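Visitor: Take this sequence and fold it.
(2 chains)
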Amino acid sequence: MHSTTLKRYSYTLAIPGLLLYILFFIIPAVGGLALSFVKILGFNLSSARFGGLQNYVDVFTQPNMRRAIGNSFIFALVTTIFKMGIGLSLAIALNRKMALTNALRTVFFLPAVINTVAVGLIFSSLLHPSNGLVNGFLRAVGLGGLAQSWLVDTNLAIFSVCAIEIWKWSGFTMVILLSGMQTIGRDYYEAAEIDGADGVTRFKYITFPLLLPAFNNALILSIIGGLKVFDLIQATTQGGPGSATEVFGTLIYKSFGAGRLGEGCAASIILAVVIAGIALPAYKYIANREVEM
Amino acid sequence: MKKSRKWLAMGLAFSMIAGLTGCGGSSTASKSVSTGSKGDMEVKTFRVLMYTDWYKAGWQALEQHINENSKELGFKLEISKIQGGSQGDQVLQTKFATDDLPDIIQVYKPQWVESYANGLDKLVDLTGLECVSEYDEKALDGTFKYNGKLYAVPIDSVVLSGVFYNKKVFEKAGVKIPQTWDELLAVCEKVKAQGVTPVYYSGKDAWSVQPPTISGLLNDAKEKGTDTFGLMEQINTNKLKYADCTNFVGSIEKTKNLIDLGYVNETYLSDTVDNAHQALANGECAMYINGTWCADNINKKFPDKIDDIGAFAIPTTSGDNYINMFTPYSLALTTNCKDPELGKKVLNYIASKEAQQIYADAQPGVYLNKNVTSDIPKATEDLKKIMDNGKSMTDWEEINKYAYGNLSEPLLNYYTGMLKDAKEVAQALDQETERNAKAQGDSNWK
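Guide: Here you go, the predicted model:
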């Protein structure tokens, strides 16, 4: 009796949250899926008609599709490798008691809380080929040969945006990994020290295996964030010059912007499927290698 | 203690009810019709909706004038502003779809309402307004007057597009205003020899690379014995492709040649419209191709330099040069207005010489009302003279049935070598037009 009342009580409490979830997540998602099979231009409802898989075909025949897919994968790969590498290095470096540990943790995390549009504006200015501080500094120290058109060279622009993303989010990865490291008990290290294990051995056989759950989370977040990037590209290059830094996110934005709502929904669903297709196996692969503490 | 709490609770409940009643009262007053005090002329309030960026000095002055003289006029305005851009467009589209419209609405064009909001039937036909006699019929035809009905009156000024040049730089280089493209190239060569950038591009603001290419479309229209309305009618019905507009393709190629010949600022992909205005005002460049926003901005930021700036039509190969004209915004009466007859009088007043002059005094520019005078920069005056001589055409984008996408994107792809041929730029517009027409289910595209 008591348990039934308790159950009913907890279900009742869950209802408002569930309703909001259904209203703002489930219904729009189902609506988006349904709309992806409809041919419609803007809000001209009288022109709406069932289009079958045509919207999906249209997504793949977009003129910039190949470049957008290529750039999305380059962005996800490059930023994930560097964010994980830098994040892990920072986490290891700051997982000890030093005078400035807390201050440094804050400093490295700070870029993650800066508004992306502000970041875009700041870096557009810093990376300006003639007036930018970066090229100005390079010229001042006699490295003028390294000065580049960072955000407007069609071969370089996507990597410049990757660098901004790495700068912005490495601190965030560091925080996830740090929290993972702090759950590892001191006993393991003490036992290893007695056995004469050096730093590299301790990292290889204690830290990294026990860090895998946190590492896995950070990695998956980075892959998903990289594949669905939109805000930073829009704030720095708007997919340009021309379509040099076009990614899947900006293509979806353009479909919706042109009023092709069905095509935009189809593209969003394709992106969700691609992300799930990459992130889930990757997560499972690493999760299988996790060890119990 | 308990009793005093009860009284306090009752007092609070009463004050909340009173507050809510107060709110209800004010919302009733904001509806389209409200009555003034007894004995005065009845004053009705009209709800007006527009984008925030359209509510500038002109509207501020006009709203103030109308509301201060509401007893004499018999109406006053209650203006609501929403964010513009694509988000604002979506809000307007939703408002048309759900019939949640104010009495008066400011939109780009009636064609926009038809193509993007499917709401032309929600605009009242204004045919017969007295103020129309103060406008050139040609200026209203095709945009405000559409499908035989007057759907809106003009509000705000005309924007004219041409080549803005620094007179001092021209004088120093010993060159005159070029009439043909070859003459323009000769001017560029002489200006470059003086160490000044001949032509400024501002590719960081991608839209701004479009205006230099438009002269070709105007010439295509002319060659076909029509204007941009006629040309776009053919494109809108799939009888003509952008890629077949030879002058348009030619003008795209020419704008790239300027880059290849070294006549354009080297960092054009990183430079903005503001950089361009500054460079032109300071004589760091000789020419900049854009709309009369350029003169307005220089007038605001560098008032001591504005008289150094002049303007001319973009030179073409033949020398038969036209300028592009962006017509003003449209002010329309919606079918939600409960008193359409008075609503028509409101629009008639706003479009009349008296109201337009108030608007123009606060916000100088080129106005379509023939009786309005305005103190405009010399460069704008230069372009107005060309328009008054009948050498202007309405901007093609305004009369497009289907969005062509973003011309600046394929243009920049062409400039940076990602597209090899000028024709591919025009083909990109054709592809985007086709996608939109097919999404609409237009039978002209099978």
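
Visitor: check contacts around the residue nearest to the spatial centre of chain A.
Guide: Centrality entry for chain A: nearest residue to the mean C-alpha point is A:G225, 1.7 Å, by Cα atoms, centre = their mean. Contacts for A:G225 were tallied using Cβ atoms under 8 Å, 6 or more residues apart in numbering or on different chains; they are A:T79, A:W169. C-beta coordinates here come from the backbone N, C-alpha and C atoms, glycine included.

Visitor: For the stretch 101-250 of chain B, which segments count as strands?
Guide: B:104-107, B:145-146, B:149-150, B:153-155, B:159-166, B:197-200 (DSSP state E, counting those that start in this stretch).

Visitor: Name the nearest residue to B:L419, ignoring sequence neighbours.
Guide: Spatially, and ignoring its direct neighbours in sequence, B:L419 is nearest to B:N413 (4.5 Å; Cβ to Cβ, 6 or more residues apart in numbering or on different chains).

Visitor: Ok, B:I104 next?
Guide: Per Cβ to Cβ, 6+ apart, closest to B:I104 is B:V48, 4.5 Å.

Visitor: where does the one you found land in three-state SS?
Guide: strand (DSSP: H, G, I helix; E, B strand; the rest coil).

Visitor: any idea which helix or strand comes after whichever strand or helix holds A:R105?
Guide: Using DSSP states H and E, A:R105 falls within helix A:101-109. Reading on from helix A:101-109 to the C-terminus, the next helix or strand found by DSSP H and E is helix A:116-126.

Visitor: buried ones in that next one?
Guide: A:T116, A:V119, A:G120, A:F123, A:S124, A:L126 (16 or more other Cβ atoms under 10 Å in any protein chain shown).

Visitor: likewise stretch B:301-321?
Guide: Under 16+ other Cβ under 10 Å, the buried positions of stretch B:301-321 are B:302, B:305-306, B:308-316, B:321.

Visitor: coming back round to it: quick one: mean pLDDT for the helix holding A:R105?
Guide: What helix A:101-109 shows for mean pLDDT is 92.

Visitor: Contacts made by that helix with the rest, please.
Guide: By Cβ under 8 Å, 6+ apart, helix A:101-109 touches A:L90, A:L94, A:M98, A:S170, A:G171, A:F172, A:M174, A:V175, A:L178.

Visitor: For PyMOL, what selects the buried ones among those residues?
Guide: Typed into PyMOL, the line below selects the buried ones among those, using 16+ other Cβ under 10 Å:
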select buried, chain A and resi 90+94+170+171+172+174+175+178
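
Visitor: Can you give me every residue that contacts B:M287?
Guide: B:V163, B:F164, B:Y165, B:N166, B:P198, B:V199, B:Y200, B:L280.

Visitor: Check the contact between the fourth one and B:C285; I expect there is one.
Guide: What that stands for is B:N166. Yes: B:N166 lies in contact with B:C285 (Cβ atoms under 8 Å); the separation is 7.3 Å.

Visitor: How about the residues of the stretch 151-300 of chain B by chain A?
Guide: B:G203, B:K204, B:A206, B:E266, B:T267, B:L269, B:S270 (Cβ under 8 Å from any Cβ of the partner chain).

Visitor: Where does pLDDT dip in the stretch 1-150 of chain A?
Guide: Residues of the stretch 1-150 of chain A meeting the criterion pLDDT under 70: A:1-4.

Visitor: how about the residues of it near chain B?
Guide: Applying Cβ under 8 Å from any Cβ, one finds that the stretch 1-150 of chain A approaches chain B through A:39-47, A:49, A:58, A:63, A:124, A:128-130, A:149.

Visitor: So which of these are in strands?
Guide: Using DSSP state E, the subset of the residues of the stretch 1-150 of chain A next to chain B located in strands is A:K39, A:R49.

Visitor: and the residues of the stretch 1-150 of chain A next to chain B, which are buried?
Guide: Buried, going by 16+ other Cβ under 10 Å: A:39-44, A:47, A:58, A:63, A:124, A:128-129, A:149, out of those.
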